[in-house]
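Colleague: build the 3D model from these lines:
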Amino acid sequence: MKINDLPALLPVFLRSSLLALMLFAITGCDNKSDDSVSIPVTTTESVAQNIAAVEINIVDKQATFETRSLFAFMHMQRKQAIMFGHQHETTQGLTITATDGTQSDTFNAVGDFAAVYGWDTLSIIAPKQEGDVVEQIRKAYARGGIITVSSHFDNPITDKQKGDKQKSVWPVGTSWDTTPAVVAALPGGEFNSVYNGYLDQLAEWANNLKDDNGKSIPVIFRILHENTGSWFWWGAEQSTSEQYQKLYQYTVEYLRDTKGVHNFLYAYSPNNFPEATEANYLERYPGDAYVDVLGFDAYGAAENNADWLNNVVDNAALVARMADERGKIPVISEIGIRAPDIEAGKYDNQWYRKLIAGLKADADARTIAFLLTWRNAPEGVPGPNGKNVPHYWVPVNREENINNGTLEDLREFYKDDFTAFNRDISGVYTIKTRVK
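Modeller: Residues are numbered from 1 along each chain as shown. Model prediction:
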């Protein structure tokens, strides 16, 4: 066995311990032929059990063992490789024949699943318009994958108008309804009970999300994302920094303290900043006591995108440095070519290679834990002329993507030694920790 055969993302201390054991197995017998000498078989998990607990500082001091382990794993592996993530990895796709969690466009393209599986509250809160995903999450977790959930909460002020045929033209009542609602959602606000209703459903879902052994499945929960834009009811034009911060903080406290959710890590993800400075990032930041994961969302042009890619690297480097200073996990919580370009049929058949090359070349940016691409809508989305247009971010194994070179681009990204997919990670939920 070669050291390179060890799983690429085993935490450093596990890799070192395993290497030592391997060297002992090779040299420890002093080349004697005594058949009575035996070398004990040692597994990754048994090594982990003999390693001192890893000290971490997280938002929920009562988080489950597995949730704490997930944080520790991401903290330790993030300087070894960047994990690949995909929204609706096993529940939407262009080349899959089932949405039960057993297939994915990623797998059909490169032979492995994404390491990070993304879903949304649109699959959790009634009417679950993106479909229930509990069983698919259970399968992803059983594979050793990492789960993240974003939040597209409906607008609490206009929510009930969705059922009114006179008023329910999209986006009325949805998260994209930009009627300012942050103050109304806070305690004392007229629609706080509606917002609490969303959180109640989410908490019930989280508290019942169990594996086959009855243990809670950890989730990275991304609260009220892209708040520095203005296309959601919690955006920059819809709320002041202080108002947004209060709602984010209230959301954490309600889930953790009132509803007893202890299998969440909490992520903050504004948009990428044209000027990647700590001051800009902190302007609407809810505070270290409420954030485990520092992220950002970034979408750019399919063509002439060198400057945008450089900006992505700058933002990744920023969150990585801030994470190091604060004991957090840095990620790119969403990234891709902007939707209008995708829907117009534009592409960049070097996009994935340029992205990983840029991140790897920067000493800070290369230390993000993961990046996540958006969903592959199987039928696209309605276009301006009433016909559906493409809406997918992971190139698929079909003639179109073969011919235009985008499938090869993804496959080269997959082959890169610095990217990690599902089979590249192990021991995510078995690390002993000690919470500060």
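Colleague: pLDDT weak spots in this protein?
Modeller: 1-50, 165-167 (pLDDT under 70).
Colleague: which ones are touching the residue positioned nearest the centre of it?
Modeller: The centroid of the chain falls nearest to Thr148 when counting by CA atoms, centre = their mean (4.5 Å). Going by CB atoms under 8 Å, 6 or more residues apart in numbering, Thr148 touches Gly85, Val116, Tyr117, Gly118, Trp119, Val219, Ile220, Phe221, Arg222, Ala267, Ser333, Leu372. For the C-beta atoms, the positions are set from N, CA and C on the backbone; glycine is no exception.
Colleague: the fourth one is in contact with Thr90, isn't it?
Modeller: The reference is to Gly118. No. Gly118 is beyond contact range of Thr90, at 10.6 Å (criterion: CB atoms under 8 Å).
Colleague: okay, those two: which has more neighbours?
Modeller: Thr90 (29 against 23; other CB atoms under 10 Å).
Colleague: ok, Asp288 touching Glu325?
Modeller: No. Contact between Asp288 and Glu325 fails when scored by CB under 8 Å: they sit 9.7 Å apart.
Colleague: what about these two, which has more around it?
Modeller: Taking neighbours as other CB under 10 Å, Asp288 and Glu325 compare with Asp288 leading, 15 against 10.
Colleague: ok, for the more buried one, nearest residue in space, not its chain neighbours?
Modeller: Sequence neighbours aside, Arg326 is the residue nearest to Asp288 in space, at 5.4 Å (criterion: CB to CB, 6 or more residues apart in numbering).
Colleague: now that neighbour. Its backbone dihedrals?
Modeller: phi -110, psi 0 (degrees, to the nearest 10).
Colleague: could you report the neighbour count for it?
Modeller: Using other CB under 10 Å, Arg326 has 14 other residues around it.
Colleague: what's the separation between it and Pro384?
Modeller: 44 Å (CB to CB, to the nearest Å).
Colleague: tell me, how many residues neighbour Gly85?
Modeller: By other CB under 10 Å, 28 other residues sit near Gly85.
Colleague: looking at this, it is in a helix?
Modeller: No. Using DSSP: H, G, I helix; E, B strand; the rest coil, the secondary structure at Gly85 is strand, not a helix.
Colleague: need the contact list for it.
Modeller: Gly85 is in contact with Ala114, Ala115, Val116, Tyr117, Gly118, Ile146, Thr148, Phe370, Leu371, Leu372, Thr373, counting by CB under 8 Å, 6+ apart.
Colleague: tabulate the residues you listed (CSV), appending distance to Tyr248 and secondary structure.
Modeller: Output for the contacts of Gly85, formatted as CSV (distance: CB to CB, whole Å; DSSP: H, G, I helix; E, B strand; the rest coil):
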residue, distance to Tyr248, secondary structure
Ala114, 27, coil
Ala115, 27, coil
Val116, 22, strand
Tyr117, 24, strand
Gly118, 20, strand
Ile146, 22, strand
Thr148, 17, strand
Phe370, 21, strand
Leu371, 23, strand
Leu372, 20, strand
Thr373, 25, strand
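Colleague: now, the most widely separated pair of those?
Modeller: The span of the contacts of Gly85, defined through CB to CB, is set by Ile146 and Thr373 at 14.5 Å.
Colleague: which residues in the stretch 1-150 of the chain form helices?
Modeller: Remark: helices assigned in the stretch 1-150 of the chain by DSSP state H, counting those that start in this stretch are 12-27, 44-49, 65-77, 105-110, 134-142.
Colleague: likewise for the stretch 301-436 of the chain?
Modeller: 306-326, 339-343, 351-361, 399-403, 406-415.
Colleague: could you redo those as TSV and give each row distance to Met74?
Modeller: What follows is the helices of the stretch 301-436 of the chain, written out as TSV (distance: least, CB to CB, whole Å):
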stretch	distance to Met74
helix 306-326	10
helix 339-343	28
helix 351-361	16
helix 399-403	30
helix 406-415	20
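Colleague: pretty sure Val261 is in contact with Ala203, am I right?
Modeller: Yes. Using CB under 8 Å, Val261 is in contact with Ala203, at 5.1 Å.
Colleague: re the thing from before, can you tell me which of the contacts of Gly85 is nearest Val435?
Modeller: Closest approach between these and Val435, by CB to CB: Ile146, at 19.7 Å.
Colleague: count the neighbours of the nearest residue to that closest one once chain neighbours are set aside for me.
Modeller: Nearest residue to Ile146, sequence neighbours excluded (CB to CB, 6+ apart): Val116, at 4.7 Å. Neighbourhood size, Val116 [other CB under 10 Å]: 29.
Colleague: what residues are up against Val116?
Modeller: Shown in contact with Val116 (CB under 8 Å, 6+ apart): Met83, Phe84, Gly85, His86, Gly145, Ile146, Ile147, Thr148, Phe370, Leu372.
Colleague: if we go to 10 Å?
Modeller: Val116 is in contact with 74, 83-87, 89, 140, 145-148, 220, 331, 333, 369-373, 420-422, 425, counting by CB atoms under 10 Å, 6 or more residues apart in numbering.
Colleague: same check, this time on Ile82
Modeller: Ile82 makes contacts with 115, 316, 331-332, 355-356, 359-360, 365-371, 416, 418-420, as judged by CB under 10 Å, 6+ apart.
Colleague: try Leu255
Modeller: With contact set as CB under 10 Å, 6+ apart, Leu255 has these partners: 60, 199-200, 202-203, 206-207, 221, 223, 261-262, 264, 266.
Colleague: how near is Thr251 to Val261?
Modeller: For Thr251 relative to Val261 (CB to CB), the value is 11 Å.
Colleague: same question, Val110
Modeller: If you measure Val110 against Val261 using CB to CB, the figure is 34 Å.
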